[in-house]
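Peer 1: what would the 3D arrangement of this be:
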Amino acid sequence: MKLLNSLALAACLVLPLAACKKEEAAPVERAPVAVPTTDDKAAWQEYLNDQVPRHMEGITAQPYVYRVPANDNPSDPEEYNRLLDKARMDVARGIVKGNILTYAGLDPTKTADLVVSAFETVTPNTMKGVRVVYIGDEANNARVRAAVEPAGVEYVFVQAK
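Peer 2: Next up is the predicted model:
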């Protein structure tokens, strides 16, 4: 009988505590990182580290991120050409469902040129379930959309402001 009373007492003490759930604080959304106004790699890295996760819902793979240099780099004059070759090779070999490709840079026209060039030879409807994010300006939005949508991607435009 003592055991039964002890168990009943323990249950009376534990149940109210179990019923009291701590209120979980709602996640606080950080203010967006401002778009860099220079071609500084570190600033763009910080900006893209903020922007890309905002578009990852439903994405199951590591993102492909292309920071397009605005100017020819005197210490690395082939930087843009290497990036263009990489972007072309990535889409040519095929990007599978659950991936995201993000393109951004200080010069939105140069960024749009890279995206359009990368998607020139993609076979229609071969990239369903892939998300393409162009961070640029409205002036190039339609051109980028027209280049990528035939591949069957989900296109997202982000106004760089």
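
Peer 1: quick one: pLDDT of the residue nearest the centre of the chain?
Peer 2: The residue lying closest to the centre of the chain (Cα atoms, centre = their mean) is Val52, at 2.6 Å. pLDDT, Val52: 97.

Peer 1: could you do the one 3 residues further on as well?
Peer 2: pLDDT, His55: 96.

Peer 1: quick one: Leu101 is in a strand?
Peer 2: Yes. Assignment of Leu101 by DSSP: H, G, I helix; E, B strand; the rest coil places it within a strand.

Peer 1: just give the nearest non-adjacent residue to it, would you?
Peer 2: Tyr64 (4.5 Å; Cβ to Cβ, 6 or more residues apart in numbering). C-beta here means a position set from N, CA and C on the backbone, and glycine is covered the same way.

Peer 1: quick one, what contacts the one you found?
Peer 2: Contact analysis of Tyr64 by Cβ atoms under 8 Å, 6 or more residues apart in numbering lists 90, 95, 99-102.

Peer 1: just those residues now: which is nearest Pro36?
Peer 2: Nearest to Pro36 among the contacts of Tyr64: Thr102, at 14.9 Å, using Cβ to Cβ.

Peer 1: give me the element the closest residue to the closest one other than its chain neighbours is part of.
Peer 2: Distances taken as Cβ to Cβ, 6+ apart place Val133 nearest to Thr102, at 4.3 Å, with adjacent residues excluded. Assigning secondary structure by DSSP states H and E places Val133 in strand 131-136.

Peer 1: also Ala146?
Peer 2: helix 138-148.

Peer 1: how about the CA coordinates for that helix, as CSV?
Peer 2: Extracted C-alpha coordinates of helix 138-148, given in CSV (Å, rounded to 0.1, in the frame of the first residue of the first chain):
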residue,chain,number,x,y,z
GLU,A,138,14.3,44.2,-63.4
ALA,A,139,15.8,45.3,-66.7
ASN,A,140,17.4,41.8,-67.1
ASN,A,141,14.7,39.7,-65.4
ALA,A,142,12.7,38.8,-68.5
ARG,A,143,15.8,37.9,-70.5
VAL,A,144,17.1,35.5,-67.7
ARG,A,145,13.6,34.0,-67.3
ALA,A,146,13.3,33.4,-71.0
ALA,A,147,16.7,31.6,-71.0
VAL,A,148,16.1,29.3,-68.0
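
Peer 1: which strands or helices does that helix pack on?
Peer 2: helix 108-118, strand 131-136, strand 154-159 (3 or more Cβ pairs under 8 Å, 6 or more residues apart in numbering; DSSP states H and E).
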